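Q: Sequence plus predicted model, see below.
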Amino acid sequence: MKIRRWQARELVWIMTPLFLVGCSYLFPSKEDKKFTPKDLNLPEIKYHADLEVRGDKSQKNYFESVPELLKPDTSLPVSTNSLRYRADADLKLLRKALKNRGYFNGKVDYILDYSGSEKVVKFIVEPGAVYKIEGVDIDMTGADDVPIMPAKARRVIGINNGDKVRLDEVVASVPRLRRYFVCHGYPDVEIEEPIGKINDEKKSLLLLYKIHLKGKKRYGSLTIQGNKNISESYIRNRFPIRKDDFYDQSELDKARRALLDSEIFSSVLISHKSTPDHADITVDLKEAPPRRVAAGIRYGTQEGVGGRLLWQHKNAFGNGEDFYVRGEGGQRQFKASIGLKVPDVIWQNFTLSTIASVTKADTKAYEGHIYNYYLGLEHKIDDTSSYGIGIEAELSDLKKTRRVNRYFGGLPIYYLYDASNDRINPYKGWRARIDVAPYMGDFVQHRPMVKASLLSSQYWRLVKKDKFVIATWERIGQVGGIPFSDIPLNRRWYGGGSSSVRGYGYQKLSKPDAFRNPLGGKSIIEGGIEPRWHVNEKIGVSVFFEAGAVSERQVPGLKSKELLSGYGVGGKYYTDIGPIRVDIAFPTKRRKVAGKNYDSPVQFYISLGQAF
């Protein structure tokens, strides 16, 4: 029978897909676990896989984590040939694993048993002797001086003589070494893949790093591109570099972070172009929309529905000025404010801040209006520390049993230290804030009032990837200089609510008066502990215990009836902007006033972000 050319072409087109389908059936790819046999209605081969380590068993857990056949989520093979193919692939992975852990003479094999209905795969690993690091040699070119000594190199690389060989650590040492050089004047450094010289007699490995420095560079010109609406001086002030200083990548990274944190720019790219002795810096910027609206909502049993609404212009006058109008509060208390922050006043990293606000209060402790104005200078010392000093004036018209007008002015000072990893959802580090504010006004005998407080919180991550975190917080505060009865109602300590001991309602941690209203106090001490479990990517749970005391005396009595505690449970739903938190809290003791319960049996809270 004679086959014509066009018929041959059609036959090839038909047979090629059939041939590929057959190959994929007999020799499945490494990605075959994405499609299970059930998806394709193919037969399944049941098997059991095991791994035996003969000799040094110190790395058994690591070896067991390598083969794909030992992983519980691996799909079943479709044939015995497919099973053998997977075992061969796992054999290659185990050989790499042996070398990665320093077992260069190790052996690995497997046994397949097809006799039963359930096939058996058994991997046998014989690690042999583990090799150790004999030394680290560095071969550098491109510099007249010696930029790094061998002892320093070992500290940077993180590998010491006598250490067991870990090839993954050797690979990870290259970016650390490169980071060291680009932060010490060598922006064009190139580091080759480390070479290892094996000595089978000594069972050792000598590492050799070849580094091409390409000359030490100083800062050259600084060119800024893409700034359309913001002044170049604002951008230059974010760069702590001077011409002819040695190149330091960490300084450029810090400048980039400062520009992004300003929220004025959506993109910041920093590059360099080298000349024989200098590195010219180019900054490419993309400005973000300067105007924005933000909103948030929360709920508390005593506070009711509340939230925050913010309109903001991040570049009001072309030099990074932050102008905003904000409303925040809830059914019990609402505060409207207008503010302006002017950066780089007098010196770099000094910000002039001014805020005018009006508060309408209708709480159990008092009701009325509060008018406040603040003007201050804030200085960011570094990435973790800042402080501020300002002047403040306040006029209030508040009523408890009778309406009282108060006026006073002060000199508030604060210091903030924040070494936590995240502002909304921290899982490591700690924070502390100290506030001290002396005030003069319509006080008895014209004596000054001084209000001071310390608030601190700590975060311990006990399991990697923030799966389990223990968070704690503490607060102490005091109002001194004047009698308790002379302290303005809104400047007393109250406690209770979402940012205090959650088992007690807003302002209700303090002692009640005869009319079942919070009395407030001259001093406060409180704290709490909250273990947090991150169940999966979206869900988290927590339990918490908190205690505190508010007193009309200088120091609360921790053994008196003033000390109250509460406990509760919380659930969290993690989103891109932070966790949505739901807490249910209970008081350990419900107080009575005039024969009636003063404290609610349960408190319920909903908000964005962690409690502290």
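A: Thanks, I have it.
Q: count of residues packed around the closest residue to residue 101 other than its chain neighbours?
A: Nearest non-adjacent residue to residue 101, counting by C-beta to C-beta, 6 or more residues apart in numbering: residue 59, 5.2 Å away. Bear in mind the C-beta positions are built from the backbone N, C-alpha and C, glycine included. Neighbour count of residue 59, defined by other C-beta atoms under 10 Å: 20.
Q: cool, and residue 560?
A: 10.
Q: who does the nearest residue in space to it that is not next to it in sequence bridge with?
A: Counting by C-beta to C-beta, 6+ apart, residue 549 is the residue found nearest to residue 560 once chain neighbours are left out, at 7.5 Å. Using DSSP bridges, the beta-bridge partners of residue 549 come out as residue 525.
Q: Identify the residues contacting residue 87.
A: 69, 110, 112, 121, 123 (C-beta atoms under 8 Å, 6 or more residues apart in numbering).
Q: Look at it and report its pLDDT.
A: Residue 87 is assigned 91 on the pLDDT scale.
Q: can I assume it sits in a helix?
A: Yes - looking at residue 87 with DSSP: H, G, I helix; E, B strand; the rest coil, it is inside a helix.
Q: what number of residues lie near residue 563?
A: Count around residue 563 with other C-beta under 10 Å applied: 17.
Q: residue contacts, it?
A: 547, 548, 549, 556, 557.
Q: Then residue 534?
A: By C-beta under 8 Å, 6+ apart, the contact set of residue 534 is 465, 466, 467, 468, 469, 540, 574.
Q: What are the contacting residues of the helix or strand containing residue 138?
A: Assessed by DSSP states H and E, residue 138 sits inside strand 132-141. Contacts with strand 132-141, where a contact means C-beta under 8 Å, 6+ apart, come from 102, 146-148, 150, 153-154, 157, 159-165, 199, 202-213.
Q: Follow the chain on from it and name the next helix or strand.
A: helix 150-157.
Q: Map the structural domains onto the sequence of this structure.
A: As given by automatic domain parsing, the domain ranges for the chain are 5-126, 132-212, 218-287, 291-608.
Q: sorry, back to before: among the contacts of residue 87, the buried ones, what's the ChimeraX command?
A: Here is the ChimeraX selection string for the buried members of those, based on 16 or more other C-beta atoms under 10 Å:
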select :69,110,121,123
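Q: of all the contacts of residue 87, which comes closest to residue 425?
A: The closest of those to residue 425 turns out to be residue 69 (C-beta to C-beta; 37.9 Å).
Q: My assumption is that the closest one lies in a strand; please confirm.
A: No - judged by three-state DSSP, residue 69 forms no part of a strand; its state is helix.
Q: gap between it and residue 99?
A: Per C-beta to C-beta, to the nearest Å, residue 69 is found 20 Å from residue 99.
Q: cool, and residue 588?
A: Following C-beta to C-beta, the distance that separates residue 588 from residue 99 is 59 Å.
Q: Residue 530 too?
A: Taking C-beta to C-beta, one finds residue 530 at 45 Å from residue 99.
Q: which of those two has more neighbours?
A: residue 530 (23 against 15).
Q: and the closest residue to that one other than its chain neighbours, how many neighbours does it have?
A: Sequence neighbours aside, residue 544 is the residue nearest to residue 530 in space, at 3.9 Å (criterion: C-beta to C-beta, 6+ apart). Residues lying near residue 544 (other C-beta under 10 Å) number 23.
Q: Give the full set of residues in contact with residue 544.
A: 502, 528, 529, 530, 531, 567, 568, 569, 570, 583, 585, 611.
Q: rerun that using 7 Å as the cut-off
A: The neighbours of residue 544, taking C-beta atoms under 7 Å, 6 or more residues apart in numbering as the test, are 528, 529, 530, 567, 568, 570.
Q: And residue 301, by the same measure?
A: Contacts of residue 301 (C-beta under 7 Å, 6+ apart): 505, 600, 603, 604.
Q: what about burial for the residues you listed, which qualify?
A: 505, 600, 603.
Q: Next, format the residues you listed as CSV and append pLDDT.
A: Output for these, formatted as CSV (pLDDT from 0 to 100):
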residue, pLDDT
505, 90
600, 90
603, 93
